[in-house]
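A.B. asks: kindly generate the corresponding structure for this input.
(2 chains)
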Amino acid sequence: MALLQLRDVNKHFGGLHVTNSVNLVLEQGEIHCLIGPNGAGKSTLFRLILGEHHPGSGQIYFAGEDITTLKSFARIRRGLSVKFQVPGVFKGLSVRQNLEIALQSRLHGAALDQEIERLLAFLNLEAEQAQLAGNLSHGQKQWLEIGMAIALKPRLLLLDEPTAGMSPEETHMTGEMVRRLNAAGMTVLAIEHDMAFVRQVAQRVTVLHLGQVFAQGSIDEIVADERVAAIYLGQAHA
Amino acid sequence: MAGFLSLFRRLEGPQTLGRGPAFWALFALVLAGALAYPLFSDGYTVGNTVYFFVWVFIALSLSLIWGYGGSLSFGQTAFFGIAGYGYGILTINFGAAYGFTWIALLLAVGMAALVAALLGYFMFFGRIAGVFLGIVTLAVTLMLERFMAQTAGPEWRIGAARLNGFNGMSAMPPLTIPWFGGPIVLFADVGLYYVVLAMLVLVYLGLRILMNSAFGNVIVAIRENPERAEMLGYDIRKYQLITFVIGAALAGLSGVLYTVWGQYITPSSMGMTAASLPLIWVAVGGRSDLTATIIGTLAVLSGFQALTIYGSQYALVFMGVLLVLTVLIAPNGLVLGVINWITKLVTRRKSEAA
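C.D. replies: Here you go, the predicted structure:
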């Protein structure tokens, strides 16, 4: 079953056609990676899915419902969740409070505390729980924000460059986190440049180029595709 | 019952300084001192102290909207004025019998809240934020002042109440409690002192509970990162609007109590100076904490009054210098800075002892 479906989605910024008739189907339960050179329109596509931008034309469906005109918070309440490219944690609040704010609309009292403990363990942040989120290392901030995103128990988790600025070990750990979440039933759509991470987690890959879907397939198919290699080297301007 | 108890637990939490038996013992001590204070003083001085207390509500409203919510509002004085004039118009027309002054207090505060709801709706649902919020609220405040300033003519009246331009509206009745042997009239004396003190304690504790609740969590989350807060599924516009309305009601309460205290209000209560002073009290104290806000406000106010007595025209200049110094030395507030420094010292000593 398609969990997320984009139909002929277009977005212009002035004369710039950043999203050009994008059609994309995300199946329930898959880990899907979105790759493409800088300026391909990946982050804009996320913003369209999240309702921070609204498409000029085209429709977005989530779990069969047309969400094209819904506000961001309403989409989140329907089961979407996101980790931004630049970690958007609440810097002036403690790690624990960051998680509490993400969890409190779903859980209360002892159940809330229990879930915070479980998430702290999952994110390897138990020792840092009383620290201000602004004092965490870059990788820890990324994890904390992933924790806040999954605290909502989303059906679809959007990850915008989850491993940016991470060491290879941290990247690998993040990959394992994503796979565990997926094994528990979460559908994941990730923008990522790190091909080791993509290889580790992706079941399907979509290549975006100049606002259009350029290629789609398994990681091996994409890597073998000479046209994809060419756009990364800046040779093809289709 | 369990729900009631959980409210009490919210008196302490990450959003407010002070926890544990030591803090509440100190709180009880300060409260006992405040309760006993009129026994050791005269009516005039006690009445003067009420004047300080009156301003604490508007300071708390700024702490809520600006310190906790992250939106700088110059509109608090507008709500102060609306409620102050509202009380005057109501009581001059309907008198003080049957406890009407208390209904007028509620209605006047309600008026301020209603105006805030309308203004706030257009601002927050129109996604006006940051410095633009300050500009819009300042414009509303100054517009109200200009409007009230030109109402000197006899044609500007609502029922029996003359608006009276810059001469100000006066002779509204003070708060009056209907009583068996004849009504108790609360002039700026010991009676009013206890009433305002009770309100202050209730508002302080109520705000502590509110800010440490799930609602308060979302408010500080919006201050820290509105986009992230929305992407956790919160309709941040609603939270901002509710905070703005609560803040307006508190500023309105200040306005009513000010009018009640001196039986007098003028458009300069809504002028540029009046709009800036609360910002200074709150900034100096530490806007992101209720307790620091109260301490800062009372300290700066009493200092300001002493200054106006000994060097009238320099008092405002000193206020400006104080604000600049605060911003440069302790951007989070002097009182809050000192409290945090002491807490750090104490915890370090404890850990060294252990």
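A.B. asks: rest of the way, CA atoms for contacts and neighbours
C.D. replies: Noted.
A.B. asks: which helix or which strand is home to the nearest residue to residue B:302 once chain neighbours are set aside?
C.D. replies: The shortest distance from residue B:302 to any non-neighbouring residue, by C-alpha to C-alpha, 6 or more residues apart in numbering or on different chains, is to residue B:52 (7.5 Å). Using DSSP states H and E, the element containing residue B:52 is helix B:43-62.
A.B. asks: pLDDT on that helix, on average?
C.D. replies: Helix B:43-62 comes out with an average pLDDT of 95.
A.B. asks: and residue A:7, that's in a helix?
C.D. replies: No: judged by DSSP: H, G, I helix; E, B strand; the rest coil, residue A:7 forms no part of a helix; its state is strand.
A.B. asks: so what's the residue lying closest to residue B:177 once chain neighbours are set aside up against?
C.D. replies: Computed as C-alpha to C-alpha, 6+ apart, the closest residue to residue B:177 that is not its neighbour in sequence is residue B:184, at 5.0 Å. Taking C-alpha atoms under 8 Å, 6 or more residues apart in numbering or on different chains, we find residue B:184 in contact with B:176-178.
A.B. asks: next one: residue B:327
C.D. replies: Residue B:327 neighbours (C-alpha under 8 Å, 6+ apart): B:283, B:333.
A.B. asks: wasn't it part of a helix?
C.D. replies: Yes: with three-state DSSP as the criterion, residue B:327 is part of a helix.
A.B. asks: distance of it relative to chain A?
C.D. replies: Going from residue B:327 to chain A by C-alpha to the nearest C-alpha, to the nearest Å gives 18 Å.
A.B. asks: who does the helix or strand following the helix holding residue B:52 touch, helix- and strand-wise?
C.D. replies: Downstream of helix B:43-62, the first helix or strand assigned by DSSP H and E is helix B:76-94. Helices and strands touching helix B:76-94, as assessed by 3 or more C-alpha pairs under 8 Å, 6 or more residues apart in numbering or on different chains; DSSP states H and E, comprise helix B:43-62, helix B:100-125, helix B:131-149, strand B:161-162, strand B:169-170, helix B:236-262, strand B:264-265, helix B:272-285.
A.B. asks: average model confidence for helix B:76-94?
C.D. replies: In the prediction, helix B:76-94 has an average pLDDT of 97.
A.B. asks: tell me the contacts of whichever residue of chain A sits closest to chain B?
C.D. replies: Of all residues in chain A, residue A:73 sits closest to chain B, at 4.2 Å by C-alpha to the nearest C-alpha. Contacts were defined as C-alpha under 8 Å, 6+ apart; by that measure residue A:73 touches B:230-235.
A.B. asks: which one is the residue in the stretch 251-354 of chain B positioned nearest to chain A nearest to, not counting chain neighbours?
C.D. replies: Across the stretch 251-354 of chain B, the shortest distance to chain A (C-alpha to the nearest C-alpha) belongs to residue B:288, at 11.2 Å. Closest residue to residue B:288 apart from its sequence neighbours, by C-alpha to C-alpha, 6+ apart: residue B:67 at 4.0 Å.
A.B. asks: residues near the nearest residue to residue B:125 once chain neighbours are set aside, how many?
C.D. replies: Setting aside the residues directly before and after it, residue B:125 is nearest to residue B:237 in space (C-alpha to C-alpha, 6+ apart), at 5.9 Å. A total of 19 residues lie near residue B:237 under the criterion other C-alpha atoms under 10 Å in any protein chain shown.
A.B. asks: so residue B:237 sits right up against residue B:122, yeah?
C.D. replies: No: in this structure, residue B:237 is not within contact of residue B:122 by C-alpha atoms under 8 Å, at 10.2 Å.
A.B. asks: what average pLDDT does stretch B:266-277 get?
C.D. replies: Stretch B:266-277 shows a mean pLDDT of 91.
A.B. asks: can you give me the end-to-end span of it?
C.D. replies: 16 Å (C-alpha to C-alpha, to the nearest Å).
A.B. asks: residues in contact with it?
C.D. replies: B:74-78, B:80-81, B:138, B:141-142, B:144-146, B:148-149, B:165-169, B:319.
A.B. asks: same check, this time on stretch B:218-228
C.D. replies: By C-alpha under 8 Å, 6+ apart, the list of residues contacting stretch B:218-228 from outside reads A:88-92, A:101, B:68-71, B:211, B:229, B:234, B:236, B:239-240, B:243.
A.B. asks: CA atoms of it as PDB?
C.D. replies: The C-alpha trace of stretch B:218-228 is given here as PDB (Å, rounded to 0.1, in the frame of the first residue of the first chain):
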ATOM      1  CA  VAL B 218       5.100  24.300  24.700                       C
ATOM      2  CA  ILE B 219       5.500  28.000  25.400                       C
ATOM      3  CA  VAL B 220       9.200  27.700  26.100                       C
ATOM      4  CA  ALA B 221       9.600  25.300  23.100                       C
ATOM      5  CA  ILE B 222       8.100  28.000  20.900                       C
ATOM      6  CA  ARG B 223      10.600  30.600  22.300                       C
ATOM      7  CA  GLU B 224      13.500  28.200  21.600                       C
ATOM      8  CA  ASN B 225      12.500  27.100  18.100                       C
ATOM      9  CA  PRO B 226       9.000  27.700  16.700                       C
ATOM     10  CA  GLU B 227       9.400  25.600  13.600                       C
ATOM     11  CA  ARG B 228      10.500  22.600  15.700                       C
END
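A.B. asks: which non-adjacent residue is nearest the residue of chain B found nearest chain A?
C.D. replies: Proximity of chain B to chain A (C-alpha to the nearest C-alpha) peaks at residue B:233, 4.2 Å away. Among residues not flanking residue B:233 along the chain, residue A:73 sits closest, at 4.2 Å (C-alpha to C-alpha, 6+ apart).
A.B. asks: buried sites along the lengthiest helix in chain A?
C.D. replies: As assigned by DSSP state H, the longest helix anywhere in chain A is helix A:168-183. Going by neighbour count (16 or more other C-alpha atoms under 10 Å in any protein chain shown), the buried part of helix A:168-183 is A:171-175, A:177-179, A:181-182.
A.B. asks: just want the angle from whichever helix or strand comes after it to helix A:168-183.
C.D. replies: Once the chain leaves helix A:168-183, the next helix or strand it forms, by DSSP H and E, is strand A:187-191. Calculated by axes from the mean of the first three to the mean of the last three C-alpha atoms, to 10 degrees, strand A:187-191 forms an angle of 150 degrees with helix A:168-183.
A.B. asks: and strand A:187-191, what does it pack against?
C.D. replies: Under the contact definition 3+ C-alpha pairs under 8 Å, 6+ apart, strand A:187-191 sits against strand A:31-35, strand A:156-160.
A.B. asks: the last one - contacts with which helices or strands?
C.D. replies: What it means is strand A:156-160. By 3+ C-alpha pairs under 8 Å, 6+ apart, strand A:156-160 packs against helix A:42-50, strand A:80-83, helix A:138-151, strand A:187-191.
A.B. asks: reformat those as a markdown table; add mean pLDDT.
C.D. replies: Formatted as a markdown table, the helices and strands packed on strand A:156-160 follow (pLDDT from 0 to 100):
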| stretch | mean pLDDT |
| --- | --- |
| helix A:42-50 | 95 |
| strand A:80-83 | 96 |
| helix A:138-151 | 94 |
| strand A:187-191 | 96 |
